[in-house]
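Novice: what follows is a predicted protein model with its sequence.
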Amino acid sequence: MDYDRAKELKAFDDTNAGVKGLVDAGTMNIPRIFIRPPDELAQDLNCLTIPLQVPVIDLSGIEKDDHRRKGIVDEIRIASEKWGFFQVVNHRIPLSVLDEMMNGVRAFHEQPSEVKQEFYSRDGMKKVRLVSNYDLYLSRSANWRDTMNIHLLLSDHLHPDELPLACRDSTIEYIKGVSELGDTIFELLSEALGLKPNHLKDMECSRGRSFSCHYYPACPEPDLTLGTSKHTDPTFLTILLQDQIGGLQVLHDNHWVDVQPNVGSLVVNIGDTLQIISNDKFKSVEHRVLANRVGPRISVACFFTAFTTSSKLYGPIEEMISEESPPVYREFLVSDYTSNILSKALGTSGLDHFKL
Ligand code: OGA
Ligand code: NI
């Protein structure tokens, strides 16, 4: 490295204006802190994109008919084992709630910088904040995106005044809708593991929620960087809302597969901790987001996990353990898992650390 990277990272961070600030200033060549190292770029050439589609699962009729529900549970089981990813349609969150959430996130990121900069912070304890690259000082190259984070990881309590005015009402509606959908999907996942519908909910796997409201500005040199580096999600489950731009890819059998935007659908993926408690039955799969000449792209990831204050120990669920399938992981506190992950660059899997 023949430049003072730390100094350039700090200078970028100190603008409090994120990647959007660079784009607004008319940057035509991406700063070198964003350029991926040559070995990573070369590795990509060996890993082609193939024209497959992640499973699309229609949730209509789950409450009406046992036979239909069983069919959906089977689809979810297969998708969670083979892909770690699926899309859901007919999930009962109205399209208007999805659209307004994306419009609100865009309005937040596009408001005057004086207003927005008030929120810019690296303090993860803040319930609501704006940050570009939470792992800026840890990663090998920075990602071309900014993120507004909202977390409900200590309690359910969120007063509307704590939310930015630019996206307040839409966010409240979306949190309500996606939390209910989360409950439904955790029931289906429990059944897919052969457990009672309430099993995962009773384990408090979905009490804590954290929202990453991403803004991926148009990128003048998309081949040199990424929107989000390859990673797995550390939490139990993620429900992702994305707009029509595209760029999200999931690794499947060593090939990248585009997660095609599909109006009204939501993307669901298994996180590391669900892989662990399922004793490797369900897979937490690597994914990334390409940078794009076109933009901005908006996405909202809702991560479900236990409250970080929980004193519960998590490890492979008893029913998932047998003679043929001995426990793969030791037990841990969710807060230990999170602090281990946050001390490393995005993309460093936490699974190995907890393997027996
Ligand atoms: C994430 C993530 C994908 C996207 O936030 O963990 O994978 O499309 N986001 O923004
Ligand atoms: Ni992710």
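Specialist: Nice, thanks for sending it over. Ligands and ions are numbered 1, 2, ... in the order given.
Novice: what residues does the stretch 251-356 of the chain have near ligand 1?
Specialist: 287, 289, 299, 301 (Cβ under 6 Å from any ligand atom). C-beta here means a position set from N, CA and C on the backbone, and glycine is covered the same way.
Novice: 8 Å - rerun?
Specialist: By the rule Cβ under 8 Å from any ligand atom, the part of the stretch 251-356 of the chain lying against ligand 1 is 259, 267, 269, 287-289, 297, 299, 301, 303.
Novice: what subset of the residues you listed is buried?
Specialist: Buried subset of these (neighbour count, 16 or more other Cβ atoms under 10 Å): 259, 267, 269, 287-289, 297, 299, 301, 303.
Novice: what's near enough to touch the residue of the stretch 151-300 of the chain found nearest ligand 1?
Specialist: Residue nearest to ligand 1 within the stretch 151-300 of the chain: Ser299 (3.5 Å; Cβ to the nearest ligand atom). The contact partners of Ser299, by Cβ atoms under 8 Å, 6 or more residues apart in numbering, come to 213-214, 216, 240-243, 248, 289.
Novice: and if you look at Asn340?
Specialist: Neighbours of Asn340 in contact, by Cβ under 8 Å, 6+ apart: 350, 353.
Novice: mind giving me the packing neighbours of the helix or strand where Trp256 lies?
Specialist: Per DSSP states H and E: Trp256 is located in strand 255-258. With contacts taken as 3 or more Cβ pairs under 8 Å, 6 or more residues apart in numbering; DSSP states H and E, strand 255-258 sits against strand 248-252.
Novice: how far out from the middle of the chain is the strand it packs on?
Specialist: Computed by Cα atoms, centre = their mean, to the nearest Å, the chain-centroid distance of strand 248-252 equals 13 Å.
Novice: tell me what that strand is packed against?
Specialist: With contacts defined as 3+ Cβ pairs under 8 Å, 6+ apart, strand 248-252 has these neighbours: strand 255-258, strand 287-290.
Novice: ok, which of these comes nearest Glu173?
Specialist: strand 287-290 (25.2 Å; Cβ to Cβ).
Novice: quick one: average pLDDT of that closest one?
Specialist: Mean pLDDT, computed over strand 287-290, is 98.
Novice: can you check stretch 154-168 too?
Specialist: Confidence over stretch 154-168 (mean pLDDT, whole number) is 95.
Novice: which positions in that stretch come out as buried?
Specialist: Buried residues in stretch 154-168, counted by 16+ other Cβ under 10 Å: 158, 163-164, 166-167.
Novice: what's the answer for stretch 276-295, then?
Specialist: The neighbour-count check on stretch 276-295 (16+ other Cβ under 10 Å) flags 276-292, 295 as buried.
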